[in-house]
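>>> Build me a model from this:
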Amino acid sequence: MKPTHGSGVAVIDPETADAGSRLPEPEHGWTPRVRQPPDPASTPSLTARDAQGRSAKYGCPVANTEFLDLSRRLRAALTPADLDATLANITAAAVEVLPDVRYASITIRHADDRLETAAPTDDLICDLDAAQYELREGPCYHASTDSVHVTGPHLAADARWPRYAPVAVSAGVLAQAGIRLFDAEKSKGALNLYSEKEGVFGDLDALGELFSHQAAMAIDYAREITHLQQAVQTRQVIGQAVGVVMHKYAMDDARAFAFLTRLSSNSNTKLRIVAERLLEETSDDRSL
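Just a heads-up that it's a prediction; the model follows:
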């Protein structure tokens, strides 16, 4: 149990609680804490000089005013939300804000190298993403496995992906790009951009950097929200299980919680799982 200094609020991590720990008394309440999302009004935006420097550095033809406008629109579109909603906001913003993007999706590479498509803006993209996973080639595949940015402005004539390119072209996709979004310990993620116009995405570097930076900030905050939600759900499950043990064995809450932690320790099972199993058994007994 780790006290939050200066607040008097004790926060228990159910996954690491030991037999000497106990749940906070109900009347004390529980004060979850999470970093506040950045306020768009106070978030520094790119200056004209910044935009000009980035355009010159990457050879991007986007005018300064347009670059600044894209930055503002991205900040407005990538509103704070949980992880699933944030991924959907990212792909929707890509289609709305980035030039010539017709479809978008996100590829997540898990620790076991499994590839998964998230938040596609159209069902067509699921098939194209799946084709790249199966063939192990294409911008989507390479951006999620071994490259930061991958562009294919002319898929019909691109010799890098001899098996995938014909599949994309037959579906009406003539240009494609993959932008690495995040590189976490257990997963990697890439944004997949698809266009029906040939020759686009050749100068995506500056806009890609801008988009990936702002998307990464949104994903970081979304992870905090998701972890908090999971912690709240875990605490509720354990609290319900403590109530069952108190009623069944006529214990107070401290002894009931210690009983659950001993079960967890003796079986080498997470406390949350012990609580879930107890609640399932209780529900099954009531249904008989």
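>>> Near residue 122, how many residues? Count them for me, please.
Around residue 122 there are 15 other residues, counting by other CB atoms under 10 Å. From N, CA and C alone the C-beta is placed, and that goes for glycine too.
>>> could you list every residue that touches it?
residue 103 (CB atoms under 8 Å, 6 or more residues apart in numbering).
>>> how about low-confidence regions in the chain?
Counting by pLDDT under 70, the chain has low-confidence residues at 1-81, 205-208, 210, 212-229, 284-288.
>>> which residues of the stretch 151-288 of the chain fall in helices?
164-170, 205-249, 253-267, 271-287 (DSSP state H, counting those that start in this stretch).
>>> residues in contact with the first one?
Read it as helix 164-170. 128, 131-132, 135, 137-138, 152, 155-156, 158, 174, 176, 194.
>>> at 7 Å what do you get?
With contacts defined as CB atoms under 7 Å, 6 or more residues apart in numbering, helix 164-170 is touched by 128, 131, 132, 135, 137, 138, 155, 156, 158, 176.
>>> Narrow the residues you listed to those in strands?
residue 176 (DSSP state E).
>>> Just the buried subset of the contacts of helix 164-170, please.
Buried subset of those (neighbour count, 16 or more other CB atoms under 10 Å): 128, 131, 132, 137, 138, 155, 158, 176.
>>> As a markdown table, these with distance to residue 100 would be great.
A markdown table is the format used below for the buried ones among the contacts of helix 164-170 (distance: CB to CB, whole Å):
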| residue | distance to residue 100 |
| --- | --- |
| 128 | 17 |
| 131 | 22 |
| 132 | 20 |
| 137 | 23 |
| 138 | 18 |
| 155 | 14 |
| 158 | 17 |
| 176 | 11 |
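>>> And these, which is closest to residue 252?
residue 132 (57.9 Å; CB to CB).
>>> does the closest one really touch residue 141, like I thought?
Yes: contact criterion CB atoms under 7 Å: residue 132 and residue 141 qualify, at 4.3 Å.
>>> can you pull the contacts of residue 279?
Residue 279 neighbours (CB under 7 Å, 6+ apart): 237, 240, 241, 244.
>>> could you redo the last one with a cut-off of 10 Å?
237, 238, 240, 241, 243, 244 (CB atoms under 10 Å, 6 or more residues apart in numbering).
>>> Give me the distance between it and residue 156.
Here the distance between residue 279 and residue 156 works out to 57 Å (CB to CB, to the nearest Å).
>>> tell me which residues form a beta bridge with residue 192?
residue 105, residue 178 (DSSP bridges).
>>> before we move on, back to that, can you redo the contacts of helix 164-170 as JSON lines with distance to residue 97?
Shown next, in JSON lines, are the contacts of helix 164-170 (distance: CB to CB, whole Å):
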{"residue": "128", "distance to residue 97": "21"}
{"residue": "131", "distance to residue 97": "26"}
{"residue": "132", "distance to residue 97": "24"}
{"residue": "135", "distance to residue 97": "30"}
{"residue": "137", "distance to residue 97": "28"}
{"residue": "138", "distance to residue 97": "23"}
{"residue": "155", "distance to residue 97": "23"}
{"residue": "156", "distance to residue 97": "26"}
{"residue": "158", "distance to residue 97": "25"}
{"residue": "176", "distance to residue 97": "18"}
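>>> quick one: which of the contacts of helix 164-170 is nearest residue 99?
Taking CB to CB as the measure, residue 99 sits nearest to residue 176 out of those, at 14.3 Å.
>>> surely the closest one meets residue 201?
Yes: using CB atoms under 10 Å, residue 176 is in contact with residue 201, at 7.1 Å.
>>> Touching both of these two, which residues are there?
In contact with both residue 176 and residue 201: 139, 150, 151, 152, 153, 193, 194, 195, using CB under 10 Å, 6+ apart.
>>> Out of those residues, which two sit at the greatest distance?
Across the shared contacts of residue 176 and residue 201, the longest distance by CB to CB is 14.1 Å; it joins 150 and 195.
>>> how far away is residue 254 from residue 273?
Relative to residue 273, and taking CB to CB, residue 254 is found at 21 Å.
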